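Trainee: quick one, what's the 3D model for this:
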Amino acid sequence: MEPSAVTEMSQKISMLTLAQDNPRPLYFIGGPGGPGGTGYHQGIGGSGGPGSAPTVHINAHQLIAPHLEHAEVTSEASQQRKIRAAQSGNHCPPPSRIFQGRKDILQQMHVFFTSDTGTQKVYLLHGLGGAGKTQIALKFIKDSSYFSDIFFIDASTITTIDTGLKNIAIIKDSGDLLQEGLLWLTSQVQAWLLVFDNADDPSIDLKDFIPECDHGNIIITSRNPGLCVHAGSDSRVSDMEEQDAVALLLKSAAQQVTAGTEKIATEIIKVRYLSYGHSIGVTMIS
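Mentor: Have a look, this model is predicted:
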């Protein structure tokens with residue numbers, strides 16, 4: 001085929017709308033034959049015959065389908081990476097392997113969340129920093145089996161709260177906006193659990209981020225007891241009982257529990273525990 005013919009054909013192809021549902025076929029047809037050669041001796045060559053190249057039928061779908069399939073695979077892979085990142089951001093960690101005590105608070109939380117009230121349940125764990133509020137929440141979650149979904153959100157800043165709620169929307173394929181995350185929670189009448197951890201900043205109105213519905217479960221950990229206004233029940237996390245403090249000290253120091261080690265640990269707690277007054281202080285002593 002002459003170069004000019006190829007160029008013309010390319011221009012025609014580029015003018016077509018190559019949509020996936022475009023049934024319009026493209027035809028590649030052989031051109032006319034060239035003129036006949038000069039005859040041998042006195043004869044004159046005859047004119048060339050018509051072109052006999054085959055006609056090739058190619059529709060738009062055949063041209064674009066491979067590119068569409070590649071784009072779909074790329075898009076799916078990108079979405080999966082986005083979901084995995086969101087899941088990682090809202091992952092609920094396990095409690096400390098040396099968690100000790102707090103049985104009274106754990107029991108109170110169990111009774112509260114298993115009661116059939118027909119309303120949204122919000123529980124506040126409040127107390128000084130380092131008292132063990134987050135660890136109590138994590139221990140409760142680990143020992144519970146009645147939550148359909150668990151979303152753990154760092155509530156220390158508006159930015160981290162915003163990110164956490166956006167992650168819910170992404171994980172549930174409902175979009176990627178804060179409001180879409182809240183919408184998913186309000187529309188799912190299930191036993192989901194939302195954890196707002198370290199909601200200490202008094203300038204943040206947590207009410208703006210609590211789903212407005214009569215279902216679902218929420219745990220808030222905070223130094224601010226004023227957040228009780230959002231909660232149906234609460235616990236003040238304060239100093240550990242001496243027996244629990246001794247057990248925690250032995251666990252964190254990887255010491256075997258014997259009469260001798262218990263006696264030594266008890267003396268240490270009596271002398272130094274009052275200087276710290278909370279579980280982090282006990283582990284620091286160890």
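
Trainee: any weak-confidence spans in the stretch 151-286 of the chain?
Mentor: When the per-residue scores of the stretch 151-286 of the chain are filtered using pLDDT under 70, the ranges that remain are 239-286.

Trainee: now do the helices in it.
Mentor: For the stretch 151-286 of the chain, applying DSSP state H, counting those that start in this stretch gives helices covering 158-171, 178-187, 242-252, 259-268, 274-276, 279-285.

Trainee: Three-state assignment for His126, please.
Mentor: The assignment at His126 comes out as strand when based on DSSP: H, G, I helix; E, B strand; the rest coil.

Trainee: next one: it from Ile204, what distance?
Mentor: Note on His126: its distance to Ile204, by C-beta to C-beta, to the nearest Å, is 15 Å. In this view, the C-beta of every residue, glycine as well, is placed from N, C-alpha and C.

Trainee: and the residue nearest to Pro93 when sequence neighbours are not counted, what's its pLDDT?
Mentor: Distances taken as C-beta to C-beta, 6 or more residues apart in numbering place Leu138 nearest to Pro93, at 6.4 Å, with adjacent residues excluded. Leu138 carries a pLDDT score of 97 in this model.

Trainee: how many neighbouring residues does Leu138 have?
Mentor: Burial measure for Leu138: 22 neighbouring residues, criterion other C-beta atoms under 10 Å.

Trainee: got it, and Thr157?
Mentor: The number of residues packed near Thr157 is 13, by other C-beta under 10 Å.

Trainee: cool, Lys142 as well?
Mentor: Counted by other C-beta under 10 Å, the residues lying close to Lys142 total 13.

Trainee: surely it meets Pro94?
Mentor: Yes - with contact taken as C-beta atoms under 8 Å, Lys142 and Pro94 are classed as touching, separated by 6.1 Å.

Trainee: picking that back up, okay, His126 and Ile204: which has more neighbours?
Mentor: Set His126 next to Ile204 and count neighbours by other C-beta under 10 Å: His126 wins out with 23 against 17.

Trainee: distance of the more buried one from Gly132?
Mentor: As judged by C-beta to C-beta, His126 and Gly132 stand 12 Å apart.

Trainee: contacting residues for Glu180?
Mentor: With contacts defined as C-beta atoms under 8 Å, 6 or more residues apart in numbering, Glu180 is in contact with 166, 169, 174.

Trainee: I'd say the last one and Trp184 touch.
Mentor: Meaning Ser174. Yes - here Ser174 lies in contact with Trp184, judged by C-beta under 8 Å, at a distance of 4.6 Å.

Trainee: ok, those two, which is more surrounded?
Mentor: Between Ser174 and Trp184, counted using other C-beta under 10 Å, the more crowded position is Trp184 (20 against 16).

Trainee: list the contacts of that one.
Mentor: Trp184 sits next to 168-169, 172, 174 when contact means C-beta under 8 Å, 6+ apart.

Trainee: repeat the analysis, applying 6 Å as the threshold.
Mentor: Applying C-beta atoms under 6 Å, 6 or more residues apart in numbering to Trp184 gives the contacts 172, 174.

Trainee: same check, this time on Val237
Mentor: Going by C-beta under 6 Å, 6+ apart, Val237 touches 125, 127, 131-133.

Trainee: wait, which of those is closest to Ile210?
Mentor: Nearest to Ile210, judged by C-beta to C-beta, of those is Leu125 at 15.9 Å.

Trainee: mind checking pLDDT for the closest one?
Mentor: At Leu125 the predicted local distance difference test score is 98.

Trainee: so who does it touch?
Mentor: For Leu125, the residues meeting the contact criterion (C-beta under 6 Å, 6+ apart) are 133, 136, 221, 235, 237.
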